[in-house]
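Novice: sequence unknown, structure follows:
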């Protein structure tokens, strides 16, 4: 009987101990979260910190990891942050280059007239439907700003 | 409806087809879709999807630039004109004199691909010059 009472109290003590552990994770989470930049989500489980979200660059990703590691109670840090892809602007060919390349590309389509102005290729005349895709494919590779297709498709 | 929504079927198809370096960018009311396809059939399939969304490509709101990936080790190319001979020119441009011709379906040797539009080639007869790359398929 005494043993079972002892066991019971041991279980209760253990449970209390375990319960007291989880708020600690929450505390660590709150402490790190407060220091991290917005957009970063901090999760803590059994002392293991996981960072998720999207940051602007590699430096920001490394810094976020440093902040988490600086928290002494953090056992380990899993850095699952992703770097936002850079959206470089679309490069449009200069008119003199585009004029030459459009002339080359449309040479085999004698019923098509192609004019270039400010990066816009304007197509007039007529074309067979089967040839249209080929012409469009050729022109699209030349980095035009826009292809204004006014062709009559036969 | 936004452009990205209008052409969602196209960008989805590009993602599904495993187009590498896929970039979808909207600039000044035009959508630019760039990427590299593994083969010609994949590229043609994307153009078919484009043609379904915008029949005969009359909207002028998309520039679809899908190139074909070419292994650096490739040394030969097939002439893929519809049926005619392919001109071989002295320099890269249709203003350059014609120095030879390659037959439809002929396999020719690639000498240099540093110019993306005009490849330097050599025929089995030893004629060397520039051909329009769109009419060549790397072998």
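Specialist: Done, it's in. Keep in mind the model is a prediction, meaning the values are calculated, not measured.
Novice: What is the subsequent helix or strand relative to the strand or helix carrying residue B:120?
Specialist: For residue B:120, the host element (DSSP states H and E) is strand B:118-122. Toward the C-terminus, strand B:118-122 is succeeded by strand B:128-132 as the next helix or strand (DSSP H and E).
Novice: sorry, back to before: give me the helices and strands touching the strand holding residue B:120, please.
Specialist: Using 3 or more CB pairs under 8 Å, 6 or more residues apart in numbering or on different chains; DSSP states H and E, the elements in contact with strand B:118-122 are strand B:107-112, strand B:128-132. Where C-beta positions appear, they are placed from N, C-alpha and C, glycine not excepted.
Novice: Mean neighbour count, the ones you listed: which tops it?
Specialist: strand B:128-132 (a mean of 22; mean count of other CB atoms under 10 Å in any protein chain shown).
Novice: That strand - what's its average pLDDT?
Specialist: For strand B:128-132, mean pLDDT rounds to 96.
Novice: show me what contacts residue 75?
Specialist: Went with chain A since none was named. If you count contacts by CB atoms under 8 Å, 6 or more residues apart in numbering or on different chains, residue A:75 has them with A:46-49.
Novice: was after chain B, sorry
Specialist: Residue B:75 neighbours (CB under 8 Å, 6+ apart): B:109-110.
Novice: what's it sitting at in phi/psi?
Specialist: Note on residue B:75: its backbone torsions stand at phi -120, psi -10 [degrees, to the nearest 10].
Novice: Look up how far chain A lies from it.
Specialist: In this view, residue B:75 and chain A are 23 Å apart by CB to the nearest CB, to the nearest Å.
Novice: Wasn't residue A:91 part of a helix?
Specialist: No: secondary structure assignment (DSSP: H, G, I helix; E, B strand; the rest coil) places residue A:91 in coil, not in a helix.
Novice: And the strands in the chain?
Specialist: Let's take chain A. All strands of chain A, identified by DSSP state E, fall at A:40-45, A:48-55, A:76-83, A:112-117, A:120-127, A:146-149, A:152-153.
Novice: meant chain B, my bad for not saying
Specialist: Here chain B has its strands, by DSSP E, at B:20-27, B:30-37, B:62-68, B:76-79, B:86-89, B:98-102, B:107-112, B:118-122, B:128-132, B:136-138.
Novice: what residues does chain A put near chain B?
Specialist: A:87, A:89-90, A:100-101, A:103-105, A:107, A:129, A:132-134, A:136-138, A:140-151, A:153 (CB under 8 Å from any CB of the partner chain).
Novice: And the contacts of stretch B:31-50?
Specialist: A:90, A:133, A:136-137, B:3-4, B:6-7, B:9-11, B:13-14, B:17-26, B:57, B:61-69, B:137.
Novice: Without its sequence neighbours, what residue ends up closest to residue 136?
Specialist: All of this refers to chain A. Among residues not flanking residue A:136 along the chain, residue B:57 sits closest, at 5.3 Å (CB to CB, 6 or more residues apart in numbering or on different chains).
Novice: try again with chain B
Specialist: The shortest distance from residue B:136 to any non-neighbouring residue, by CB to CB, 6+ apart, is to residue B:77 (4.1 Å).
Novice: Wait, that neighbour touches residue B:108, no?
Specialist: Yes: Residue B:77 lies in contact with residue B:108 (CB atoms under 8 Å); the separation is 5.9 Å.
Novice: Can you list the low-confidence ranges for chain A?
Specialist: Applying pLDDT under 70 to chain A flags residues A:1-4, A:7-8, A:10-23.
Novice: switch the cut-off to 50
Specialist: Within chain A, no stretch has pLDDT under 50.
Novice: Could you list the paired strands of the strand holding residue B:120 along with their orientation?
Specialist: Here strand B:118-122 has these sheet partners by DSSP bridges: strand B:107-112 (antiparallel), strand B:128-132 (antiparallel).
Novice: So which bits of that strand are buried?
Specialist: B:118-122 (16 or more other CB atoms under 10 Å in any protein chain shown).
Novice: and if you look at stretch B:44-63?
Specialist: Neighbour-count burial for stretch B:44-63 flags B:45-47, B:49-50, B:54, B:57, B:59-63 (criterion: 16+ other CB under 10 Å).
Novice: Quick one: end-to-end distance for it.
Specialist: Stretch B:44-63 has its terminal residues 15 Å apart, counting by CA to CA, to the nearest Å.
Novice: try stretch B:112-122
Specialist: First residue to last in stretch B:112-122 (CA to CA) measures 10 Å.
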